[in-house]
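Trainee: Pasting the sequence and the predicted coordinates here, then a few questions.
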Number of protein chains: 2
Amino acid sequence: MPTIRDVARYAQVSVGTVSNVLNGSTLVKDETRQRVLMAIEALNYHPTAAARSLSTQRTNTIGMIRSEIRLQGNLIETDPMVLDLIDGITSAAISSSTGLTFWAIPAGEREMALYKQLVTSRQIDGLILFALREKDPRVAYLREQEFPFVIFGRFESDEGDNWIDVDGAAGIEAAVRHLAELGHHRIAYLSPPHEQYLTGLRWQGFVKGMSDMNVPIDPALIYEGDFNEKSGQLGTHYFLDQPNPPTAIFCNNDRMAFGAMRAIQARGLVVGQDVSVVGFDDVSLARYSNPPLTTISQPIHHIGRALFDLLINLINQQPIDLLGGKLLKPELIIRQSTGMPR
Amino acid sequence: MPTIRDVARYAQVSVGTVSNVLNGSTLVKDETRQRVLMAIEALNYHPTAAARSLSTQRTNTIGMIRSEIRLQGNLIETDPMVLDLIDGITSAAISSSTGLTFWAIPAGEREMALYKQLVTSRQIDGLILFALREKDPRVAYLREQEFPFVIFGRFESDEGDNWIDVDGAAGIEAAVRHLAELGHHRIAYLSPPHEQYLTGLRWQGFVKGMSDMNVPIDPALIYEGDFNEKSGQLGTHYFLDQPNPPTAIFCNNDRMAFGAMRAIQARGLVVGQDVSVVGFDDVSLARYSNPPLTTISQPIHHIGRALFDLLINLINQQPIDLLGGKLLKPELIIRQSTGMPR
DNA sequence: TACTTAAATTGAACCGGTTCAATTAGGTAT
DNA sequence: ATACCTAATTGAACCGGTTCAATTTAAGTA
């Protein structure tokens, strides 16, 4: 493998000049630049990433870590939504030749060790966090280390300027309004796991929506799910076993909504007639489920891109342009899983 | 940030000794090791990844690149299956403190440029390829460069020992047998895009299954899809518009199968009674669709782990243990989307 | 006590880039 | 011809690890 010194020798210039050519400095005479470029071509030279990183202190890599969370022993599978997020991030990353590196690790002690490792060994220039938990230790640590990071979601009273979120509460309010206007008075709530930070925010939206529409909240119609289909199914059976079952179920993600629809159908009931179901996320399948799912859509691909841009600005210590605001409005997509109660 | 020289000074040893301690060499006296470890602790020292990479020529990072393919102008969205693959890879990677770096780039010229960049700049130690296309230029290039890579899938007559695949043809044969045994004589085939290498292999399985069961193949019942729900829907409408429509549709992934079910239901027909549907992949939603989808299951999480182990062995030039064979048997999961024809 | 051998430690050289103070080349004004 | 200024180029020092031949220390043996 040729090094920069080989190129310098071949082109009969110094290594400094080659470096200047590589980094687009304007200091180099055109004729010299040509000679260097020809040498690079002739030797098929490519700068080594590690050497460059060592002297520039930049890796051109950002990181993302999935916390493997287990509830009652079973792994919470990754939401298809995350894949869309990854898609958005990587499609923005490619244009600034930055890579996205992934790790997956069980939440807990080893998780913090990984974060510390990455930060102190400078393997990455910045981090994208998502699915924050209550009193998430990761945020405290990264802040303390002044390590660049952005969050998909909010954390503790919206402080900081390094997050982008969807106003889930507003989305849920809209969903509740939609259900109430259809005539539903018994609306069940399939909650996210209580560890998640967003759980509180979402709940506020539900409470506000219910109170605005004068629908009473029945504690018997609340169930804590874990974002998997299975818990949507379990929660729904629990609801329908109540003496006074709900006519509508709001689910905090689409996967639980799919599980809910399945449970309703397993009892010989019709989704959208006997029981209405609303989801959250609008994953690509929501449009194709049977019946098509009414759900709250978030512009996840756009969010991925925006998070990336925000992080890069943070890393470069450039002024932050929030690209249309940090709190994005979600949109209620009405399909056939909701209808008037019988 | 402290460097290895700071640690050496603090512990009153040489940098060589510190390095030996860091790398678990047995040459260091226990007492010295303790002193060094205390110094590391006291200074909160962590080796810099870039410096280490520069001298070891290893990055402890492997790469994966998603080819953004457009058909008739629209992007083929990433399959949820890929997320499971990533999950499997990263869960294996974490135990050897290796990261997985992800890029997404449109197939074509820029794509090859990215591969060349990564290989020659040694940003990664190895690559995981998937969704190979006919005469895929990536394989030729990587082979020529002798760069370590493994493939999820096969390529050109199974040559090489760096791939792991599911025997999709066998899976399809089983699916066709299942349908024929139920009494179906008109079985439609929703094909993968023709550019994909697996398209040929899968087709062979379909042909063999049909011929074994003495079911004729009708050219009017073949449609080329693109793995998205939409094309499943379009293909199904095309099939059902035929003068002599099929009673069963085999779809080459679950997403197209979901689209197919939707199209069938949109015409007031009942899936599993009027028209049976079989998918491929067994994504987590398949169990929760309405009706639950009969599909071919591949152990994708296991495959991710196996691909990682294989790649690491390749990188370390260690003998390859194929962990239970390179061609894995898929399993037909029979659910309610298939039944006897009316 | 001297000699041999094994164990532990040392530190300069190296990996391959970037940076910047110092130097040289080229051009213009006096 | 000389002084002066700007543009272009140079190359040693640096980034922070690993490696290994050379050296020192400790243990074992006669």
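Mentor: Nice, thanks for sending it over. Numbering: from 1, shown residues only, chains lettered A, B, ... in the order given.
Trainee: what are the ranges of the strands in the stretch 1-150 of chain A?
Mentor: Secondary structure of the stretch 1-150 of chain A, counting by DSSP state E, counting those that start in this stretch: strands at A:61-68, A:70-71, A:74-75, A:99-106, A:126-130, A:149-152.
Trainee: Name the stretch among the ones you listed that sits most buried.
Mentor: strand A:149-152 (a mean of 25; mean count of other CB atoms under 10 Å in any protein chain shown). Glycine gets a C-beta too; all of them are placed from N, C-alpha and C.
Trainee: Show me how far that one is from its chain's centre.
Mentor: In terms of CA atoms, centre = their mean, to the nearest Å, the gap separating the centre of strand A:149-152 from the centre of its chain is 9 Å.
Trainee: Tell me which other helices or strands it touches.
Mentor: Under the contact criterion of 3 or more CB pairs under 8 Å, 6 or more residues apart in numbering or on different chains; DSSP states H and E, strand A:149-152 touches strand A:126-130, strand A:163-166, helix A:300-315.
Trainee: so can I have TSV of the ones you listed showing distance to B:Pro246?
Mentor: TSV is the format used below for the helices and strands packed on strand A:149-152 (distance: least, CB to CB, whole Å):
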stretch	distance to B:Pro246
strand A:126-130	43
strand A:163-166	42
helix A:300-315	35
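Trainee: Can you add mean pLDDT and distance to B:Leu332 and give the ones you listed back as CSV?
Mentor: Output for these, formatted as CSV (pLDDT from 0 to 100; distance: least, CB to CB, whole Å):
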stretch, mean pLDDT, distance to B:Leu332
strand A:126-130, 96, 36
strand A:163-166, 94, 40
helix A:300-315, 94, 33
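Trainee: DNA strand C is nearest to which of these?
Mentor: helix A:300-315 (14.8 Å; CB to the nearest atom of the strand).
Trainee: In the closest one, which residues are buried?
Mentor: A:300-301, A:303-315 (16 or more other CB atoms under 10 Å in any protein chain shown).
Trainee: swap in stretch A:113-128?
Mentor: By neighbour count on 16+ other CB under 10 Å, the buried set for stretch A:113-128 is A:Leu114, A:Tyr115, A:Leu118, A:Val119, A:Thr120, A:Arg122, A:Gln123, A:Ile124, A:Asp125, A:Gly126, A:Leu127, A:Ile128.
Trainee: Which member of the residues you listed is positioned nearest A:Pro148?
Mentor: A:Gly126 (3.8 Å; CB to CB).
Trainee: The residue nearest to the closest one when sequence neighbours are not counted: neighbour count?
Mentor: Of all residues not flanking A:Gly126 in the chain, A:Pro148 sits nearest, at 3.8 Å (CB to CB, 6 or more residues apart in numbering or on different chains). Residues within reach of A:Pro148, counting by other CB atoms under 10 Å in any protein chain shown, total 21.
Trainee: Could you do A:Glu144 as well?
Mentor: 8.
Trainee: how about it, what does it touch?
Mentor: Going by CB atoms under 8 Å, 6 or more residues apart in numbering or on different chains, A:Glu144 touches no other residue.
Trainee: beta partners of A:Gly99?
Mentor: Beta-bridge partners recorded for A:Gly99 (DSSP bridges): A:Thr61.
Trainee: pretty sure it contacts A:Thr61?
Mentor: Yes - at 4.7 Å, A:Gly99 and A:Thr61 qualify as touching, with contact defined as CB atoms under 8 Å.
Trainee: Now A:Trp203: phi and psi?
Mentor: phi -60, psi -40 (degrees, to the nearest 10).
Trainee: how close does it sit to A:Leu132?
Mentor: 16 Å (CB to CB, to the nearest Å).
Trainee: Compare the strands of the stretch 1-150 of chain A and give me the one nearest DNA strand C.
Mentor: Closest approach to DNA strand C among the strands of the stretch 1-150 of chain A is made by strand A:61-68 (16.0 Å; CB to the nearest atom of the strand).
Trainee: what about the residue of the stretch 1-150 of chain A found nearest DNA strand D, neighbour count?
Mentor: Closest to DNA strand D within the stretch 1-150 of chain A is A:Gly16: 2.2 Å, counting by CB to the nearest atom of the strand. A:Gly16: 13 surrounding residues under other CB under 10 Å.
Trainee: In contact with it, which residues are there?
Mentor: Per CB under 8 Å, 6+ apart, neighbours of A:Gly16: none.
Trainee: Repeat that for A:Gly235.
Mentor: By CB under 8 Å, 6+ apart, the residues touching A:Gly235 are A:Ala188, A:Leu190, A:Tyr223, A:Glu224, A:Gly225, A:Ile249, A:Met256, A:Gly259, A:Ala260.
Trainee: Between these, which sits nearest DNA strand C?
Mentor: Ranked by distance to DNA strand C (CB to the nearest atom of the strand), the contacts of A:Gly235 are led by A:Met256 at 49.4 Å.
Trainee: residues in contact with the closest one?
Mentor: A:Leu190, A:Gly225, A:Phe227, A:Asn228, A:Glu229, A:Ser231, A:Gly232, A:Gly235, A:Gly279.
Trainee: And the pLDDT for the third one?
Mentor: pLDDT, A:Phe227: 93.
Trainee: So it lies in a helix, does it not?
Mentor: No - judged by DSSP: H, G, I helix; E, B strand; the rest coil, A:Phe227 forms no part of a helix; its state is coil.
Trainee: Now it: closest residue in space, sequence neighbours ignored.
Mentor: A:Asn253 (5.3 Å).
Trainee: The one you found touches A:Asp282, doesn't it?
Mentor: No - with contacts counted by CB under 8 Å, A:Asn253 stays clear of A:Asp282, the gap being 10.1 Å.
Trainee: Name the residues of the stretch 201-342 of chain A found near chain B, please.
Mentor: Neighbours of chain B within the stretch 201-342 of chain A, by CB under 8 Å from any CB of the partner chain: A:228-229, A:232-233, A:255, A:258-259, A:261-262, A:265, A:284-285, A:287-290, A:292.
Trainee: Just the ones in helices from those, please.
Mentor: If you go by DSSP state H, those have A:Glu229, A:Gly232, A:Gln233, A:Arg255, A:Phe258, A:Gly259, A:Met261, A:Arg262, A:Gln265 in helices.
Trainee: what's the pLDDT at the fourth one?
Mentor: Same thing as A:Arg255. On pLDDT, A:Arg255 comes in at 95.
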